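Any chance you can model this:
(2 chains)
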2 protein chains.
Amino acid sequence: MEGATAEADSAEGSFTDESFADVTPDAARRLLLGAVEAFAERGFHATTTRDIAGRAGMSPAALYIHYRTKEELLFQISRVGHERSVRILTEAAATGGTPAERLDAAVRTFVRWHAAYHTTARVVQYELAALGEEHYGEIVVMRRRTEEILRTVLSEGVAAGEFAVEDINGTALAVLSLCIDVARWYRTGGPRTPDEIGALYAGLVRRMVSA
Amino acid sequence: MEGATAEADSAEGSFTDESFADVTPDAARRLLLGAVEAFAERGFHATTTRDIAGRAGMSPAALYIHYRTKEELLFQISRVGHERSVRILTEAAATGGTPAERLDAAVRTFVRWHAAYHTTARVVQYELAALGEEHYGEIVVMRRRTEEILRTVLSEGVAAGEFAVEDINGTALAVLSLCIDVARWYRTGGPRTPDEIGALYAGLVRRMVSA
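Residues are numbered from 1 along each chain as shown, chains lettered A, B, ... in the order given. So this is what the prediction gives:
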């Protein structure tokens, strides 16, 4: 429930975010990191491209070589974040263990990402409304995919007799929601590490669904 | 997991929000509702007092009769929202039933508020970092109180043998987090009513903590 820490945390939160490691060239990557930091501190609508360029040590004109609009930067942040979410959950769901083991892995890694990269995650989760219609449509496809992965694990657990879940859709949504909200309250240097929160949440979710 | 609906929902979300019914005079109340709407659509930093005054059908000068700064408006919204949270949880915890019944009531009503008044709740939960230090301090006291109420119910349930909870602090935080995040994804006109989500979540939380 800690709050008011987006600004304090944003610098190390975003600039160590390996989620953007694959973005090239380096200038494009630095601009995304600058945008994450600015959006987290001030919100999308209050951020100027000049501010983003400045954080990346570049001129506003140089920004437009890489991104046509501020919305394009938000879309790329959102795309990278959602691709990461889908990958985390896909890998966890494919570990080959029992449904309970796969759900455990999914919750742990999903929570860990939302805690460790809470600044990026906040932008990804809370600025969706600022995306243009077409870009929003692309993101929605990935969001549906994350829900589908969760629903599949839950359904397989029910079929195997490991889980007792009456409302698969509602429960999948609640589990993802619980993990995502970690980005809101998590604070670097707080009493729990991302791993510890992942372990706690995996246990809580296990109880939520166990037969 | 639905997103991008803050703008579409904000008007009816805020203007029907009974949480502000006690604010007087009427002009001060209308300004708070205008501020909720503007902050939800554009974020605190991108909102001007002129915009807020316009939404309330007033001049910028008239706004300053009631609120000295934009931050003062955010603080009043935050104060009303947090007072409401504390009241909801205090009443639920005082219903006189078993700990399980009281936890059930707390989750249901807390979720219902975050769904029904999701626009206000989003501003209350996501704009905390924009509060000044002194105002933030006042809000933190109320946030600690909401956690304390949850921890007490959980502890009483453990003492009564109804609950088995190893980590009272972490579990209280997770339960509140689950309820609060409803404000992020809830969409008016979606497949579930606030009551239905409240019932689903009360059941999930019950399983999370039951002995």
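
Could I get the full set of helices for chain A?
A:6-15, A:26-42, A:49-55, A:60-66, A:70-93, A:99-116, A:118-126, A:133-159, A:168-180, A:182-185, A:194-209 (DSSP state H).

and the nearest residue to residue A:116 once chain neighbours are set aside, how many neighbours?
Spatial nearest neighbour of residue A:116, excluding adjacent residues (C-beta to C-beta, 6 or more residues apart in numbering or on different chains): residue A:194 at 4.6 Å. Backbone N, C-alpha and C define where each C-beta goes, glycine included. Other residues lying near residue A:194 total 20 when counted by other C-beta atoms under 10 Å in any protein chain shown.

same question, residue A:123
28.

now the residue nearest in space to the middle of chain A: how far from residue A:180?
Central residue of chain A (C-alpha atoms, centre = their mean): residue A:121, 4.0 Å from the mean position. Using C-beta to C-beta, to the nearest Å, residue A:121 is found at 7 Å from residue A:180.

tell me, what's touching these two both at once?
Each of residue A:114 lies in contact with both residue A:121 and residue A:180 under the rule C-beta atoms under 8 Å, 6 or more residues apart in numbering or on different chains.

Skipping its backbone neighbours, what lies nearest the residue of chain A found nearest chain B in space?
Per C-beta to the nearest C-beta, residue A:43 is where chain A lies closest to chain B, at 3.0 Å. For residue A:43, ignoring the flanking residues on the chain, the nearest one in space by C-beta to C-beta, 6+ apart is residue B:43 at 3.0 Å.

Am I right that that neighbour is in contact with residue A:47?
No: Residue B:43 lies out of contact with residue A:47 (C-beta atoms under 8 Å); the separation is 9.2 Å.

The helices of chain A: lowest mean pLDDT?
Per-segment mean pLDDT for the helices of chain A reaches its minimum on helix A:6-15, at a mean of 39.

Could you pull up the contacting residues of the closest residue to residue A:135 other than its chain neighbours?
What sits nearest to residue A:135 in space, not counting adjacent residues and going by C-beta to C-beta, 6+ apart, is residue A:75, at 4.2 Å. Residues in contact with residue A:75, defined by C-beta under 8 Å, 6+ apart, are A:131, A:132, A:135, A:138, A:139.

What's the local residue count around the third one?
Same thing as residue A:135. Residue A:135: 19 neighbours (other C-beta under 10 Å).

Go ahead and confirm it touches residue A:76.
No: using C-beta under 8 Å, residue A:135 is not in contact with residue A:76, being 9.4 Å away.

And for chain A, the residue most distant from the center?
residue A:161 (30.9 Å).

For residue A:36, see how far away the residue nearest to residue A:88 when sequence neighbours are not counted is.
Nearest residue to residue A:88, sequence neighbours excluded (C-beta to C-beta, 6+ apart): residue A:109, at 4.8 Å. Residue A:109 sits 21 Å away from residue A:36, going by C-beta to C-beta.

Then residue A:211?
Residue A:211 is 41 Å from residue A:36, by C-beta to C-beta.

Of these two, which one has the most company?
More crowded of residue A:211 and residue A:36, by other C-beta under 10 Å: residue A:36, with 31 against 11.

thought the more buried one was touching residue A:123?
Yes: contact criterion C-beta under 8 Å: residue A:36 and residue A:123 qualify, at 5.4 Å.

Give the residues shared as contacts by the two.
Joint contacts of residue A:36 and residue A:123 (C-beta under 8 Å, 6+ apart) are residue A:77.

Return the alpha-carbon coordinates of stretch A:143-162 using PDB.
Only the C-alpha atoms of stretch A:143-162 are listed here, as PDB (Å, rounded to 0.1, in the frame of the first residue of the first chain):
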ATOM      1  CA  ARG A 143      -3.800  -8.900 -23.200                       C
ATOM      2  CA  ARG A 144      -6.300 -11.500 -24.400                       C
ATOM      3  CA  ARG A 145      -3.500 -13.900 -24.900                       C
ATOM      4  CA  THR A 146      -2.200 -13.500 -21.300                       C
ATOM      5  CA  GLU A 147      -5.700 -14.200 -20.000                       C
ATOM      6  CA  GLU A 148      -6.000 -17.200 -22.200                       C
ATOM      7  CA  ILE A 149      -2.800 -18.700 -20.900                       C
ATOM      8  CA  LEU A 150      -4.000 -18.300 -17.400                       C
ATOM      9  CA  ARG A 151      -7.500 -19.800 -18.200                       C
ATOM     10  CA  THR A 152      -5.800 -22.800 -19.900                       C
ATOM     11  CA  VAL A 153      -3.700 -23.600 -16.900                       C
ATOM     12  CA  LEU A 154      -6.700 -23.300 -14.600                       C
ATOM     13  CA  SER A 155      -8.800 -25.500 -16.900                       C
ATOM     14  CA  GLU A 156      -6.100 -28.100 -17.000                       C
ATOM     15  CA  GLY A 157      -5.800 -28.100 -13.300                       C
ATOM     16  CA  VAL A 158      -9.600 -28.600 -12.900                       C
ATOM     17  CA  ALA A 159      -9.600 -31.400 -15.400                       C
ATOM     18  CA  ALA A 160      -6.700 -33.100 -13.500                       C
ATOM     19  CA  GLY A 161      -8.600 -32.700 -10.200                       C
ATOM     20  CA  GLU A 162      -5.900 -30.500  -8.800                       C
END
